[in-house]
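# what would the 3D arrangement of this be:
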Amino acid sequence: MRANWERVRLREICRYDKNQGTHDGLKYVGLENIESGTGRILSQSEQLDAKSATFSFSAKHVLYGRLRPYLKKVALPSGAGRCSTEIFPILPSERLVREYLAYWLLSDKTTLDINATCTGARMPRADMEEVLDFDFHLPPVAEQRRIVAALDKAFAGIATAKANAERNLKLAGELINQGYRHIAEGQGRRHWERLRVADVAAAKKGSIRTGPFGSQLLHSEFVDAGIAVLGIDNAVNNEFQWGKRRYVTPAKFEQLARYRVYPGDVLITIMGTCGRCAVVPDNIPVAINTKHLCCISLDNNKCLPSFLHTYFLYDPSAREYLQQQAKGSVMDGLNMGLIIDLPLLLPPVEVQQAVVDNFRALREGINLFIEAQSSKLTALDALKQSLLTEAFAGKL
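Predicted structure coming up:
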């Protein structure tokens, strides 16, 4: 802390201005209207029941969301309005520049300190009276304004860089889809045989199946070791990954053996996060799948698992069918019948392999680009916090 800075209690330089009422006619701000970590109000509305209690605020206030403070719901309103009682309007004194206070509230250190005051496990709320007793290093007003101006300029540059990285990530996603279409069309997609997924399933009972329902498998029957049970988390990233490990006893497995998963099976999520797909690896131990997955055992002489995986995720025919048939506009429900009838454009196996190989090479190149852009976003967020740390230590 610099020599001309004061050490004060936060309550000495600001107060909570909780003017509670219905405040008819004022635009409403809820926690959902405040963007995490930026200080921006995304929108205001009049949708709240006029009888509900709210706090009024003005352009002199800083709004702070005390519910789940780790979300950093901090905002600087540009005019009068009303807000949820989960949002505290903070009125700075003449000694405290409100933008300086807002940046302080957005810093990781302040957030960690406020999190430590929370009560309630499921809905943690900050103890705002305890927050008022925090030590605050207070520069002269002119110095506060200088620091705010420096942070505004730096954060504007960071915001531009983040927007560019996010745009690049979006373009990368579009390039993947375009790349698949280019590869498939180059391999004669328009002449591929028109089938259904059911036509390429292995010639055995239960080759397309979901997992045990209801009382067939209860959560209380999971144990710490035994036969693995696969769920959404194993396929949610569109490649097989071990998530939370779940097991049943060998005896329970004997009752559920018809739900066994085999190497090369294709898993599709049909509940929760729907429409994700993964191929079961060759080294899978004995395992079964839950009801949240549809498991497909293929006739590999007709269709390669890697091809169905790629086709399901990227082919326009598959995606259009799923969007039309799935329950809900965001694919919030699939069922085994829809997957059985999924239209499948199928080339010969050697062409399937060529499509998979070419697409894998494309994905590897694009994934390197995605990783670079994602790392850039992480670094930019870290830079913001580094600047805030420097600022409140008097080093900016």
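# biggest strand in the chain by residues?
Once the chain is assigned using DSSP state E, the strand that runs over the most residues is strand 87-92.
# helices or strands up against it?
Counting by 3 or more CB pairs under 8 Å, 6 or more residues apart in numbering; DSSP states H and E, the packing neighbours recorded for strand 87-92 are strand 14-16, strand 54-57, strand 62-65, helix 98-106. Heads up, the C-betas are built off the backbone N, CA and C, glycines and all.
# partners of the second one in the sheet?
The strands beside strand 54-57 in its sheet (DSSP bridges) come out as strand 20-21 (antiparallel), strand 81-83 (antiparallel).
# contacts for the longest strand of the chain, please.
Surrounding strand 87-92, the residues in contact under the criterion CB atoms under 8 Å, 6 or more residues apart in numbering are 13-19, 29-31, 34, 55-57, 60-66, 73, 83, 98, 101, 128.
# and for stretch 164-179?
314, 359, 362, 363, 366, 369, 370, 373, 374, 376, 377, 380.
# and the two most separated of the residues you listed?
For these, the maximum inter-member distance is 30.9 Å, found between 359 and 380 (CB to CB).
# which residues of the stretch 101-250 of the chain fall in strands?
If DSSP state E, counting those that start in this stretch is used as the criterion, the strands of the stretch 101-250 of the chain fall at 135-138, 193-196, 208-210, 227-230, 247-248.
# deepest-packed of these, please.
The highest mean neighbour count among the strands of the stretch 101-250 of the chain, using mean count of other CB atoms under 10 Å, belongs to strand 227-230: a mean of 23.
# quick check: end-to-end length of stretch 263-275?
Terminal residues of stretch 263-275 are spaced 20 Å apart (CA to CA, to the nearest Å).
# report the secondary structure state of residue 8.
Each residue gets one of three states, and residue 8 gets strand by DSSP: H, G, I helix; E, B strand; the rest coil.
# tell me the confidence at it?
We note a pLDDT of 96 for residue 8 in this prediction.
# mean confidence for stretch 77-91?
Averaged across stretch 77-91, the pLDDT comes to 94.
# ends of that stretch, how far apart?
End-to-end distance of stretch 77-91: 12 Å, with CA to CA as the criterion.
# next, count neighbours for residue 271.
17 (other CB atoms under 10 Å).
# show me where the stretch 151-300 of the chain has its helices.
250-255 (DSSP state H, counting those that start in this stretch).
# rewinding a little: quick one, which of residue 359 and residue 380 is more surrounded?
More neighbours sit around residue 359 than around the other of residue 359 and residue 380, counting by other CB under 10 Å; the figures are 22 against 16.
# quick check: mean pLDDT of the helix or strand containing the more buried one?
Counting by DSSP states H and E, the element that carries residue 359 is helix 349-392. Taken as a whole, helix 349-392 has a mean pLDDT of 96.
# same for it, what does it pack against?
Helices and strands touching helix 349-392, by 3+ CB pairs under 8 Å, 6+ apart, are helix 98-106, helix 108-115, helix 141-186, helix 305-314.
# now render the strands of the stretch 101-250 of the chain as TSV, adding mean pLDDT and distance to residue 353.
Below are the strands of the stretch 101-250 of the chain laid out as TSV (pLDDT from 0 to 100; distance: least, CB to CB, whole Å):
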stretch	mean pLDDT	distance to residue 353
strand 135-138	96	64
strand 193-196	97	16
strand 208-210	95	23
strand 227-230	95	26
strand 247-248	94	35
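# flag every buried residue along stretch 140-155.
Within stretch 140-155, the residues that count as buried by 16 or more other CB atoms under 10 Å are 143, 144, 147, 148, 151, 154, 155.
# just among the contacts of stretch 164-179, which is most surrounded?
Scoring the contacts of stretch 164-179 on neighbours with other CB under 10 Å, the highest-scoring entry is residue 359 at 22 neighbours.
# tell me the contacts of it?
By CB under 8 Å, 6+ apart, the residues touching residue 359 are 179, 180, 183, 310, 314.
# again, only using 6 Å
Contacts here follow CB atoms under 6 Å, 6 or more residues apart in numbering; on that basis residue 359 touches 180, 183, 310.
# with adjacent residues omitted, what lies nearest to the second one?
What it means is residue 183. Counting by CB to CB, 6 or more residues apart in numbering, residue 358 is the residue found nearest to residue 183 once chain neighbours are left out, at 4.8 Å.
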